[in-house]
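*Asks:* Starting from these lines, generate the structure:
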Amino acid sequence: MNTPEFLFHYYEKANGPFRNLTENGSEKANEIQQQIKTGANSKRPPNYVDLRMSLEKRLKQEFIRKGGNPNRNDPFYFTLGECKWLETWYEEPEVIKIPVDELMEPLQISFTYPDSMVSFQFHDEPKLAAYRKEANGKVFLLGELTQLIETHGLPDEKKWTAVESCKYDRYIEAQLWDDKLIRPYL
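*Replies:* The predicted structure is shown next:
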C-alpha cells in the first residue's frame, strides 16, 4: 500500500493556518473555545481544553521516548493524505498541503492512528474497546509509516461508513513539532 505524498492542514480561513488552541495556555484556550459558535469545533465538551492539554503533554512525552526531538510544547496538526470530511469543521475551510518528502527533519514529526484524541481515548477507555486497535495510544515516527499502513490500512470514507469498528478512523494524524517546518507555507 502506498503512503500518501502530502500532509494536509485544514483551518478556518478567517483565522489563518497553524493556530493551536493550546499555544497560549489554558485560560486563553478556554476563552477561544467559548467563542466558537458554529461548526464541529463548537460541539466540544466543557473539559475539552484540559483534555487537549493533557493529551499534548502525553504526545510529547511519547514522541521523546521514541527518539523524537520536539521544539514546541504543542504541535501543528495535519492529516496524512486528504480528508475532505475535515472541511465540514469550518465555515470557510482552507487547506495547506506539504509534500511528505520535503520533511527533512524526521525527528520533528510524529503520527497517531487515527486522530490523537480518538487514538488515546480508545486506548484508555474500557467502554470503547469495540473500536480499539493495536495502533491506538501509540506515537509513530516517520520511518514507521509504511509498516503502520501495511498493518492497519489507510482510513477512508468507504471503510468508516461501512465498518462499525472503523467509524472513527477518519485519518492518520501528523503532528509537526517545529516552527521552521511550516515557515515556507505561511
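
*Asks:* What is the subsequent helix or strand relative to the helix or strand bottoming out on mean pLDDT in the chain?
*Replies:* Among the helices and strands of the chain, helix 26-35 carries the lowest confidence by mean pLDDT, DSSP states H and E, at a mean of 64. Counting by DSSP states H and E, the element after helix 26-35 in chain order, helix or strand, is helix 48-65.

*Asks:* Please work out the average pLDDT along that following helix.
*Replies:* Here helix 48-65 scores 88 as its mean pLDDT.

*Asks:* Please apply the same query to stretch 10-23.
*Replies:* The predicted confidence, averaged over stretch 10-23, sits at 86.

*Asks:* Can you name the residues in contact with it?
*Replies:* 9, 29, 32-33, 39, 49, 52-53, 56, 74-77, 79, 83, 86-87, 89-96, 182, 185-186 (Cβ atoms under 8 Å, 6 or more residues apart in numbering). All C-beta atoms are positioned from the backbone trio N, CA, C, and that covers glycine.

*Asks:* Among the residues you listed, which are located in strands?
*Replies:* The members of these that map onto strands under DSSP state E are 9, 76-77, 79, 93-96.

*Asks:* number of nearby residues for residue 135?
*Replies:* Burial of residue 135 is recorded as 19 neighbouring residues (other Cβ atoms under 10 Å).

*Asks:* Test my guess that it contacts residue 118.
*Replies:* No - under the criterion of Cβ atoms under 8 Å, residue 135 lies out of contact with residue 118, with a separation of 11.2 Å.

*Asks:* Residue 59 versus residue 140, what's the distance?
*Replies:* Going from residue 140 to residue 59 by Cβ to Cβ, to the nearest Å gives 11 Å.

*Asks:* about what we covered before: which of the ones in strands among the contacts of stretch 10-23 sit farthest apart?
*Replies:* Using Cβ to Cβ, those reach their maximum pairwise distance at 76 and 93, which is 16.5 Å.

*Asks:* Quick check on the two: which one has the bigger neighbour count.
*Replies:* Taking other Cβ under 10 Å, residue 76 and residue 93 do not tie; residue 76 has more neighbours (24 against 15).

*Asks:* Contacts only, for that one.
*Replies:* Applying Cβ under 8 Å, 6+ apart, one finds that residue 76 lies in contact with 9, 18, 20, 175-176, 181-182.

*Asks:* rerun at 6 Å
*Replies:* The neighbours of residue 76, taking Cβ atoms under 6 Å, 6 or more residues apart in numbering as the test, are 18, 176, 182.

*Asks:* Name the nearest residue to it, sequence neighbours excluded.
*Replies:* Nearest residue to residue 76 in three dimensions, chain neighbours excluded: residue 176, at 4.5 Å (Cβ to Cβ, 6 or more residues apart in numbering).
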